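Got a predicted structure plus its sequence, pasted below:
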Amino acid sequence: MSQAERPSQQVIGIAIEITAYFRWGFMWRSLLSTIFFVWSSVGSAEYRAFELKISNSLTGKTRTVRSILDQGQYRQYYYLSPAEVVEYQDSWMCYERSDHFKPICANPHESQDRLPAAAAPNP
């Protein structure tokens, strides 16, 4: 091989730098993707819970439902008869995960530990 046909040392050096750049770039992307995946799987979760009142105008019956769907979403997701009306009653935030069919968290507006008020004694 003549001197003109041989790649110069400068061209070989540039090729090595480019290869190293892509190799390190792939490694960094892999590392960052792994870190993001691990961080997102142990992250916290929150959702809004709704208390809805469903009234049937034909029968006069009402029922209260707790759901993670608001009144518009609830009507689209669940079958309701045309005579049933969905009304928003209350909403609150739940600050835990809701996977694996866990029940919706309790409403913090309703005190869980309070007893009904007793009548005041007559002196």
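Structure's in. What do you need?

Check for me that Leu69 belongs to a strand.
No - the assignment for Leu69 is coil, going by DSSP: H, G, I helix; E, B strand; the rest coil, so no strand is present there.

residue contacts, it?
For Leu69, the contacting residues are 50, 77, by C-beta atoms under 8 Å, 6 or more residues apart in numbering. Quick note: C-beta positions are derived from backbone N, CA and C, even for glycine.

That one and Ser91, how far apart?
11 Å (C-beta to C-beta, to the nearest Å).

State the pLDDT value of Ala117.
Among the per-residue scores, Ala117 shows a pLDDT of 55.

Check Ser57 too.
So Ser57 comes in at 93 (pLDDT).

cool, Ile14 as well?
Residue-level pLDDT assigned to Ile14 equals 74.

next one: Ser44
65.

How about Thr34?
pLDDT, Thr34: 73.

so it is in which element?
Using DSSP states H and E, Thr34 sits within helix 9-41.

any shared contact partners between Leu69 and Ser91?
Counting by C-beta under 8 Å, 6+ apart, the shared contacts of Leu69 and Ser91 are Phe50.

Okay, Ala106 and Leu58: tell me how far apart.
When C-beta to C-beta is the yardstick, Ala106 and Leu58 sit 33 Å from each other.

So for those two, which residue has more residues nearby?
With other C-beta atoms under 10 Å as the criterion, Ala106 and Leu58 differ in neighbour count, and Ala106 comes out ahead with 13 against 9.

Would you quantify the distance from the more buried one to Ile18?
In this view, Ala106 and Ile18 are 60 Å apart by C-beta to C-beta.

hang on, Trp92 packs against Ile104?
No - counting by C-beta atoms under 8 Å, Trp92 does not reach Ile104; the two are 9.5 Å apart.

which residues are in contact with both of these two?
When contacts are counted by C-beta under 8 Å, 6+ apart, Trp92 and Ile104 have Ala49 as shared neighbours.
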